[in-house]
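J.: Next input, structure requested:
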Amino acid sequence: MATFTETEPTQTSNDVQHHEVVIVGGGTGGITVAAQLLKGWGRKPDVAILEPSERHFYQPAWTLVGAGTYDLEKTARPEKSVIPKGATWIQEAVESFDPEKNRVITAAGTIVEYDILVVAAGIQINWSQIKGLKESLGKEGVCSNYSYETASGTWEALRNFKGGTAIFTQPKGAIKCGGAPQKICYLAEDYLRRKGLRDQSRVIFAAPGKAIFSIDKYRNTLEKVVERKGIETLFQHDLIEILPTTKQAIFENVESGETTSIPYDMIHVTPPQGPPDFIKRSPLADEHGWVDVDASTLQHQKYPNVFALGDASNLPTSRTGAAIRKQAPVLVKNLKAFQKDQPLDASYHGYTSCPVVTGYGSLVLAEFDYDHQPAETFPFDQSKERWSMWILKKYLLPKLYWWGMLKGRA
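T.: Okay, the predicted model is just below:
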């Protein structure tokens, strides 16, 4: 049974150190949990955060960056500025887990021992899984909002688009914010209409699913948005290759396996995503490579002193920052209960949120739970497109993120 001590962090050698709570990942989940741990305890626990990155990103705004309505620089801050006061930042990447010995080994060879481990390592972007994508990004109309380095390229591609075929894709499997691929599609269509280019443009949204959205209440609205905007949908199709020399996008039918080639003048690609490799090959992973946790308590199914949240976990809900906002306090309460050898009574019910931007100044705020039932915050029908929700997305949610979640306040 893991127990906390009153001692200061110990460093037993140059290559071995011990901390009460070790958090793998300094992104949204890791920083939020660390901030709540250090804010909410009677005494300050010994918390260490393993995170190699120099910068921390507010990724939900990259869609707006790609549409030319948000400053890219405002989405990034130095990682050291978001590390909670009192936490130890170990700026190294994790190589492997050894949960039988309660330790993590970094790529630099450091052994970090723990009493309790929290895994919040995010999701891995697998650019190379689409043949021709990596070498095509940023060239000849190929773009993606899915990294800090490439988000501005979407806006450049959109501004340079003079008509023709614009394709927007969604891959198979889990991705961060499942609604994001269609958000940029709606914004791009709105931009083309405002610039007088819509009549000479074909806009296609291609996805492996069978419908535009999985929740009936919001799907009904979004189907009307697609119809109103004249967007062609190509469901049950997965992008597998880009031929940049001939500007062809190759799609595979997810049921029949047949391939289809569509010429493009601009293509926004949502790349395939999955569990980080160091998690996938670890004892913590389930059969699909995600950290295997209880869907309610967020405790690992095999190792009781291990918890996980966010994109790297196998929680059966959409991977969003809003989901983490609800997961973090549950994890912290259960972590404290575990330390005291008490029942883990806090429960996460699968809440997640997807602010689906449908154009400049309009947004559908989808909120739902594990049962795919709406779990709405506001006392009105959130399935309707609203300007007020656009204001929430563009101006209020970034403040909630930087000054609320990352500070342990929300």
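J.: Could you list the low-confidence segments of this protein?
T.: Applying pLDDT under 70 to the chain flags the ranges 1-14, 40-42.
J.: Show me it divided up by domain.
T.: Using automatic domain parsing, the domain parsing of the chain gives 10-123+275-350, 127-272.
J.: With distance to K394 and mean neighbour count as added columns, please give those in JSON lines.
T.: Yep, even glycine has a C-beta here, placed from its N, CA and C like the rest. Shown next, in JSON lines, are the domains of the chain (distance: least, C-beta to C-beta, whole Å; neighbours: other C-beta atoms under 10 Å):
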{"stretch": "domain 10-123+275-350", "distance to K394": "6", "mean neighbour count": "20"}
{"stretch": "domain 127-272", "distance to K394": "12", "mean neighbour count": "18"}
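J.: Contact partners for the closest residue to P171 other than its chain neighbours?
T.: Distance criterion C-beta to C-beta, 6 or more residues apart in numbering; nearest residue to P171, sequence neighbours excluded, is P272 at 4.3 Å. Taking C-beta atoms under 8 Å, 6 or more residues apart in numbering, we find P272 in contact with 126, 129-130, 171-173, 175.
J.: Closest one to K101 out of the residues you listed, please.
T.: When these are compared for distance to K101 (C-beta to C-beta), N126 wins out at 30.3 Å.
J.: Tell me who's in contact with the residue nearest to L187 when sequence neighbours are not counted.
T.: Leaving out its chain neighbours, the residue that sits closest to L187 by C-beta to C-beta, 6+ apart is A67, at 3.9 Å. The contact partners of A67, by C-beta under 8 Å, 6+ apart, come to 154-155, 158, 184, 187-188, 191, 360.
J.: and those, which two are the farthest apart?
T.: Using C-beta to C-beta, the contacts of A67 span at most 14.7 Å, a distance reached by T154 and Y360.
J.: returning to that earlier point: could you check how far the residue nearest to L187 is from I391?
T.: Using C-beta to C-beta, to the nearest Å, A67 is found at 16 Å from I391.
J.: Distance to Y401 for the domains of the chain - can I get that in CSV?
T.: Conversion of the domains of the chain to CSV gives the following (distance: least, C-beta to C-beta, whole Å):
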stretch, distance to Y401
domain 10-123+275-350, 6
domain 127-272, 13
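J.: So which of these is nearest L365?
T.: Closest approach to L365 among the domains of the chain (C-beta to C-beta): domain 127-272, 9.0 Å.
J.: So for the closest one, first residue to last residue, what's the gap.
T.: One end of domain 127-272 sits 7 Å from the other (C-alpha to C-alpha, to the nearest Å).
J.: So that it lines up with my notes, have the first residue be 34 from now on.
T.: Sure thing, new numbering starts at 34, so read that last one as domain 160-305.
J.: quick one: the most centrally placed residue in the chain and P78, what's the gap?
T.: Among the residues of the chain, the one closest to the centroid is K209, at 3.3 Å (C-alpha atoms, centre = their mean). Look at K209 and P78: by C-beta to C-beta, they are 29 Å apart.
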